[in-house]
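Participant: How does the following fold in three dimensions:
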Amino acid sequence: MMMTRRDFTFGALAAPLGAASSSGADLVDSIETATLFRYEDFGKSWFTPRACVVPGRTPKLVMTMQQVTGSDVFHHVQWLESSDRGRTWSKPEPIPGMGRRQMGDGLEEGYCDTVPEYHARTGTVLAMAHNVYYKNNVLTMPWERRWPVYAIRTAKGQWLPPKRLEWNDPDATGMYSANCSQRVTLEDGNVIVPITYGPLGRPDHGVTSLRCGFDGERMKVIQRGSELRLPVKRGLLEPSITRRIKSRFWMTMRAEDNRGYFTTSRDGLNWEKMRPWSWQDGTPLEMSTTQQHWVTHSDALYLSYTRKAPGNERVVRWRTPLWMARIDEEKGCLIKETERVVLPQRGDGGANGYDAWFSGNFNVTPLDAHESIITDGQSNPARGYVGDVLIARIRWKKPNRLA
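Facilitator: Below you'll find the model as predicted:
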């Protein structure tokens, strides 16, 4: 699939801004959805498509994604790019070193849940993932061996070999991971990275944030944040962080008690008591162990998520449709009248709950003052994980000063 070269002006991502608008009005003008890749295009199902904007005379989107062939069965991390705001893309190519490697005794190490973000100070793309293990092409769970890895695309377009993010914390002897997480790059070039972690022998995981230095070649942990825990099943998972300029940091977390949780911080390290996501009347959203992500506008903050709703009760974990709603930042709740579907429901789950095209492993990318995109690799477990890569274009009523 060849790219069509067109000259668009993408806005450079700046630090978050401004006090929240008190009106609570919906700033979304429209949402347009399209299919980027169909299963038939490659004979593969692509998962976790995540993109970032690389500024330049002709700005580009750089995206990573992976083939999926089973439940959490991922293959080599691929990358591709677009010069026309994500309408056409180059052919996927493997990132060197981000495939599987033999560990002996039939064990293979691989990588998944990659999130690329542009790092302005160094002009690089920093793609963070985490390692996983397979035996006979089935995911194994050696928690003591899991950690974040990062691959760097230089300003000249070269991918450097992946490296491990070293963190020798006694609370993270079992595992620590930044998988699927939105993170915040500070004005000084440091990066606030949300982390799921836990010690050996403890089944539930905690969440914190790490302030990391990055010089264009290596990341190092400078400081860790406060701990958040929920001792239900696997605990707290897959946190994501955002911030608007001169505003608080926000972190949202997947949980396993049919809720999703959030917290706020003034510095990205010291977090307030977490609260479940709810509507303005106090009614909590029913969510089932699925990640949420931020849709950040300079004048408003939105959450994108899946939840239980009429029509999807039979779908496992209510994994479709994908929604978004504006947050009342003063009260810490979602504004019900601003909720809208981002990606429509496909399938009702069938007899066993798996015959539907699942959302949930998606990504949000601000393009410019007027438009943001959400990319999602949907797959249907009941039909052999066949699925397509979809895109939703969110057009804003009010220019977004983040761009």
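
Participant: pLDDT weak spots in this protein?
Facilitator: For the chain, the stretches with pLDDT under 70 are 1-23, 142-144, 403.

Participant: try 80 this time
Facilitator: Residue ranges of the chain with pLDDT under 80: 1-23, 141-145, 245-246, 402-403.

Participant: residue farthest from the centroid of it?
Facilitator: D105 (33.0 Å; Cα atoms, centre = their mean).

Participant: In contact with that one, which residues are there?
Facilitator: Not one residue lies near D105 by Cβ atoms under 8 Å, 6 or more residues apart in numbering. In short, each C-beta sits where N, CA and C put it, glycine included.

Participant: Equivalent analysis for H205, please.
Facilitator: Taking Cβ under 8 Å, 6+ apart, we find H205 in contact with 175, 196-198, 234-237.

Participant: Go through these and name the one nearest T114.
Facilitator: The shortest approach to T114 among the contacts of H205 belongs to T196, at 15.6 Å (Cβ to Cβ).

Participant: who's the closest one bridged to?
Facilitator: Bridge pairing for T196 (DSSP bridges) gives the partners S177, V207.

Participant: Also G377?
Facilitator: On the basis of DSSP bridges, G377 is bridged to V389.

Participant: distance of it from T320?
Facilitator: Separation of G377 from T320 (Cβ to Cβ, to the nearest Å) stands at 13 Å.

Participant: Just the ones of the contacts of H205 in strands?
Facilitator: 175, 196-198, 237 (DSSP state E).

Participant: got a winner among these for most neighbours?
Facilitator: Counting neighbours by other Cβ atoms under 10 Å, the top entry in the ones in strands among the contacts of H205 is T196, with 27 neighbours.

Participant: Was I right to think that one contacts P239?
Facilitator: Yes - counting by Cβ atoms under 8 Å, T196 does reach P239; the two are 6.5 Å apart.

Participant: anything in contact with each of those two?
Facilitator: The contact sets of T196 and P239 overlap at V207 (Cβ under 8 Å, 6+ apart).

Participant: Pretty sure A172 sits against R202.
Facilitator: No - if you go by Cβ under 8 Å, A172 and R202 don't touch, sitting 10.8 Å apart.

Participant: Give me the sheet partners of the helix or strand containing S240 and which way each runs.
Facilitator: In the assignment (DSSP states H and E), S240 maps to strand 237-243. Applying DSSP bridges, strand 237-243 is found paired with strand 249-254 (antiparallel).

Participant: List of residues touching the strand it pairs with?
Facilitator: With contact meaning Cβ under 8 Å, 6+ apart, strand 249-254 is reached by 184, 192, 194, 207, 209, 228, 236-243, 260-268, 271, 274, 277, 287, 289-294, 301, 303.

Participant: Out of these, which end up buried?
Facilitator: 184, 192, 194, 207, 209, 228, 236-243, 260-265, 268, 271, 274, 277, 287, 289-294, 301, 303 (16 or more other Cβ atoms under 10 Å).

Participant: picking that back up, the residue farthest from the centre of the chain and G43: what is the separation?
Facilitator: Applying Cβ to Cβ to D105 and G43 gives a distance of 31 Å.

Participant: the more surrounded of A172 and R202?
Facilitator: Legend: neighbour count by other Cβ under 10 Å for A172 and R202, higher for A172 (22 against 15).

Participant: Phi, psi for that one please.
Facilitator: In terms of degrees, to the nearest 10, the main-chain angles of A172 are phi -120, psi 30.

Participant: Please name the residues that touch it.
Facilitator: For A172, the contact set (Cβ under 8 Å, 6+ apart) comprises 195, 197-199.

Participant: Then H293?
Facilitator: By Cβ under 8 Å, 6+ apart, the contact list for H293 reads 182, 240, 252, 303-305, 362-364.

Participant: Check D171 too.
Facilitator: Shown in contact with D171 (Cβ under 8 Å, 6+ apart): 197-199, 206, 227.

Participant: and which of the contacts of A172 is nearest to D188?
Facilitator: When these are ranked by distance to D188 (Cβ to Cβ), I195 comes first, at 20.1 Å.

Participant: And the closest one, how close does it get to M65?
Facilitator: Counting by Cβ to Cβ, the gap from I195 to M65 is 23 Å.

Participant: Then D41?
Facilitator: Counting by Cβ to Cβ - D41 and M65 are separated by 13 Å.

Participant: between the two, which one's more packed in?
Facilitator: M65 (25 against 13).

Participant: Show me what the more buried one is bridged to.
Facilitator: Q78.

Participant: pretty sure it contacts F47?
Facilitator: Yes - M65 is within contact range of F47, at 6.6 Å (criterion: Cβ under 8 Å).

Participant: ok so, going back, which of the contacts of strand 249-254 fall in strands?
Facilitator: Reading strands off the contacts of strand 249-254 with DSSP E, I get 184, 192, 194, 207, 209, 237-243, 260-265, 293-294, 301, 303.

Participant: Skip the chain neighbours and tell me the closest residue to E337.
Facilitator: Nearest residue to E337, sequence neighbours excluded (Cβ to Cβ, 6 or more residues apart in numbering): D26, at 7.4 Å.

Participant: Quick check: which element contains that neighbour?
Facilitator: For D26, there is no host helix or strand (DSSP H and E).

Participant: How much space separates it from T173?
Facilitator: From D26 across to T173, the span is 46 Å (Cβ to Cβ).

Participant: same question, E286
Facilitator: Applying Cβ to Cβ, the value for E286 to T173 is 34 Å.

Participant: And the two? Which one has more around it.
Facilitator: Neighbours per residue (other Cβ under 10 Å) separate E286 from T173, with T173 holding more: 16 against 13.

Participant: Quick check, the more buried one in contact with Y197.
Facilitator: No - in this structure, T173 is not within contact of Y197 by Cβ under 8 Å, at 9.1 Å.

Participant: Break down the stretch 51-200 of the chain into its helices, ranges please.
Facilitator: For the stretch 51-200 of the chain, helices defined by DSSP state H, counting those that start in this stretch do not occur.

Participant: Sounds good, over and out.
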